[in-house]
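Enquirer: Next one to model:
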Amino acid sequence: MALLEARTCIITGGAGSLGLASAAAFLAEGARVLLVDRDAPALASAVRALGAPADRIATVVADVADAAATRAYVDAAVSRWGTVDVLFSNAGVSGVIRPVTEYPEEVFDQVMAVNVRASFLACKYALPRMSDGGSIVITSSVVGVTSDPGICAYAASKHAVIGLMRTVAKEAAARRIRVNVVAPGPIDNDFQRDVEAGLSLALGRDATSFLNGIIPLGRHGTAEEVARTVLFLASDQSAFSTGGVFMADGGMHV
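Expert: Reported below is the predicted structural model:
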C-alpha cells in the first residue's frame, strides 16, 4: 500500500518549491492534498504542474497568519475529505539582512507572524480536526539551531517554531499524533536566491559560493531531497518519531 493512501494532507506555502515538491511526493503516495498559499496564480500553476485528479487536489488562497483564514482552510479540507491526517506547516518569509540595531520593526513583526504565528494557528485549529495517529510537520531551518549576523528575525522565528513543535508534540502524544520539525539548509530555489542576493551585499562576495564552502556536502540541496524527509515524517515510516528536529542541511549545522 502507498505510504499516504487516502490520507488528507494540508500544505501551507503550497505554491513554493518545497511545498510543491512535497505535494508531488504526497500525491505519488496516494494522498489527497490541499495546497494553501496567498498567491492565487502560483497556486493555479502548482495544480497544473502536479497534474493530479481533481478529486485528490484542492487549493485555498489564505493569509496563514490570520486566524479566520486558518480556520477556513482547515474547514475546507474537512468539508471536502472528512478529516485531516497530515499538516505540513511550511509557509515562511525571510525578512531582510540588517544588524539588530538597524532591523526594521515592521519586518521583524511580519517574519514572526508568517513563520511563527501561522504555525501556532495551524496547530491550534487543525489539531481538533485531525485523525488520531496523524502527523504534523513544521518547517524550521538550519538557523533554527544556529544563527548568523543580520538575520535576527528569521533566526528567532525558526528557533521559535522548534519550541512550538516540542510543546505540541507533548500535548498531542496522547492521540498518537506526531509533531516534528524539518530543518533545511540552503535549497536551490527562488526563496534562497532572494536571501543570497541580500547576503551577497552584506558579505561583499558571492553568497552562494560562500555557503557551498561551509556546507560539508559542498552544495545546496534540492526541494525534492528535502521533500523526501517531509514524506518520511508525514508517513508511518516515522511512527516512533515525535518532538524531533530532522536536519536536511548537508551537514551545515555540524
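Enquirer: I'd guessed Glu29 sits against Leu4; true?
Expert: Yes. Using Cβ atoms under 8 Å, Glu29 is in contact with Leu4, at 4.3 Å. Bear in mind the C-beta positions are built from the backbone N, C-alpha and C, glycine included.
Enquirer: what residues do the two have in common as contacts?
Expert: Common contact partners of Glu29 and Leu4 (Cβ atoms under 8 Å, 6 or more residues apart in numbering): Leu231, Ser235.
Enquirer: These two: which is more packed in?
Expert: Neighbours were tallied for Glu29 and for Leu4 using other Cβ atoms under 10 Å; the higher tally belongs to Leu4 (24 against 17).
Enquirer: wait, what's in contact with the residue nearest to that one when sequence neighbours are not counted?
Expert: Using Cβ to Cβ, 6 or more residues apart in numbering and skipping residues adjacent in sequence, the residue nearest Leu4 is Ala31, 3.9 Å away. Ala31 sits next to Leu4, Glu5, Ala6, Arg7, Thr8, Cys9, Arg56, Val86 when contact means Cβ under 8 Å, 6+ apart.
Enquirer: Next one: Ala31, what pLDDT does it get?
Expert: Here, the pLDDT recorded for Ala31 equals 98.
Enquirer: Can you flag which of the contacts of Ala31 belong to strands?
Expert: Counted as lying in strands by DSSP state E, out of the contacts of Ala31, are Thr8, Cys9, Val86.
Enquirer: Quickly check the contacts of Ala31 for the two that are furthest apart.
Expert: The largest separation in the contacts of Ala31, counting by Cβ to Cβ, is between Arg56 and Val86 at 13.7 Å.
Enquirer: Which one's more surrounded, the two?
Expert: Counted by other Cβ under 10 Å, Arg56 and Val86 do not tie: Val86 has more neighbours, with 27 against 16.
Enquirer: what's the nearest residue to the more buried one once chain neighbours are set aside in contact with, if anything?
Expert: Leaving out its chain neighbours, the residue that sits closest to Val86 by Cβ to Cβ, 6+ apart is Cys9, at 4.0 Å. Contacts for Cys9 (Cβ under 8 Å, 6+ apart) come out as Phe26, Ala31, Arg32, Val33, Leu34, Val84, Asp85, Val86, Leu87, Phe88, Ala234.
Enquirer: returning to that earlier point: next, format the contacts of Ala31 as a markdown table and append pLDDT and distance to Ala155.
Expert: Listed next are the contacts of Ala31 as a markdown table, based on pLDDT from 0 to 100; distance: Cβ to Cβ, whole Å:
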| residue | pLDDT | distance to Ala155 |
| --- | --- | --- |
| Leu4 | 98 | 32 |
| Glu5 | 98 | 38 |
| Ala6 | 96 | 39 |
| Arg7 | 98 | 33 |
| Thr8 | 98 | 33 |
| Cys9 | 98 | 28 |
| Arg56 | 98 | 37 |
| Val86 | 99 | 27 |
